[in-house]
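Chemist: output the structure for:
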Amino acid sequence: MKKIDANKEAFNKIVGKNVRAIRLKKNLTIEQLSGKSGVDATTIHAIELGKRGASAYTLARLAKGLGLKNPAPFFDGTMEILPVNEDTSR
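Modeler: Predicted coordinates:
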């Protein structure tokens with residue numbers, strides 16, 4: 001049975017939304033951010049959609065590519081802590 005961690009999913013969506021918002025505010029395309037950060041464009045796209053989590057190292061690289069001192073702006077602090085649920089589908 002596959003477990004779904006709602007916190008992780010919510011976290012990935014929040015981070016992705018914020019990465020995208022900051023990238024757009026800086027008028028950068030995904031490809032331009034890829035060139036500045038060294039993170040593959042496909043990976044950036046998946047992170048922005050919340051479909052893929054990012055390591056601390058990747059977030060630091062994205063922050064640097066966006067001209068940020070650290071990745072703190074990617075986190076908005078509004079994430080509610082939710083329990084880990086089990087998937088009932090089989």
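Chemist: and A72, how close does it get to R20?
Modeler: Per C-beta to C-beta, to the nearest Å, A72 is found 16 Å from R20. The C-beta positions use only the backbone N, C-alpha and C, and glycine is treated the same way.
Chemist: show me which of those two is the more surrounded one.
Modeler: When A72 and R20 are compared for neighbours, R20 comes out ahead with 18 against 10, by other C-beta atoms under 10 Å.
Chemist: go through the helix or strand that contains the more buried one and flag the buried ones.
Modeler: Using DSSP states H and E, R20 sits in helix 6-25. Neighbour-count burial for helix 6-25 flags 10, 12, 14-16, 18-20, 22-23 (criterion: 16 or more other C-beta atoms under 10 Å).
Chemist: what of stretch 49-68?
Modeler: Applying 16+ other C-beta under 10 Å to stretch 49-68 flags 50, 54, 58-59, 61-66, 68 as buried.
Chemist: got the residues you listed as JSON lines, with pLDDT columns?
Modeler: Formatted as JSON lines, these follow (pLDDT from 0 to 100):
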{"residue": "G50", "pLDDT": "93"}
{"residue": "A54", "pLDDT": "94"}
{"residue": "T58", "pLDDT": "97"}
{"residue": "L59", "pLDDT": "96"}
{"residue": "R61", "pLDDT": "97"}
{"residue": "L62", "pLDDT": "97"}
{"residue": "A63", "pLDDT": "95"}
{"residue": "K64", "pLDDT": "96"}
{"residue": "G65", "pLDDT": "97"}
{"residue": "L66", "pLDDT": "96"}
{"residue": "L68", "pLDDT": "93"}
